[in-house]
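**Q** Predicted model and sequence below, questions to follow.
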Amino acid sequence: MESEYIYSKIKWISHPPDKKWIEHSLRVEELSKKFLKDLPDCINVLLPGEVWQILINNISFFHDIGKGTKYFQDYI
């Protein structure tokens, strides 16, 4: 799968000593999906469920994108 190939090329560390950014981001996405399922149905009044899912996926994946900078990777 193309996305698996791309993910395997990302070597950024997100948390010391060696937690990879992609592993962390995918775990955050997994936990966020569980959180979304636990929210009351009334949130669908604001946005349809499919939109919440897209938001959760994107926010989870990109919440730590700054950790891919040379500055942070040198720091960590």
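**A** Cool, the structure landed.

**Q** List the buried residues for the biggest helix by length in the chain?
**A** For the chain, the helix that runs over the most residues, judged by DSSP state H, is helix 21-38. By neighbour count on 16 or more other Cβ atoms under 10 Å, the buried set for helix 21-38 is 21, 22, 24, 25, 28, 29, 32. (Each C-beta comes from the backbone N, C-alpha and C, glycine too.)

**Q** So the fourth one versus residue 71, what's the distance?
**A** Yep, that's residue 25 we're talking about. Using Cβ to Cβ, to the nearest Å, residue 25 is found at 19 Å from residue 71.

**Q** Beyond the helix or strand bottoming out on mean pLDDT in the chain, next helix or strand please.
**A** The weakest-scoring helix or strand in the chain, judged by mean pLDDT, DSSP states H and E, is helix 2-9 (a mean of 54). Tracing the chain past helix 2-9, the next element assigned as helix or strand by DSSP states H and E is strand 13-15.

**Q** Does that following strand pack against any helices or strands, and if so which?
**A** Counting contacts by 3 or more Cβ pairs under 8 Å, 6 or more residues apart in numbering; DSSP states H and E, strand 13-15 is packed against strand 19-20, helix 21-38.

**Q** For it, which strands pair with it and how are they oriented?
**A** strand 19-20 (antiparallel) (DSSP bridges).

**Q** what does the strand it pairs with contact?
**A** Applying Cβ atoms under 8 Å, 6 or more residues apart in numbering, the external contacts of strand 19-20 come out as 10, 11, 12, 13, 14.

**Q** Then stretch 64-72?
**A** 10, 12, 13, 14, 21, 24, 25, 28, 73, 76.
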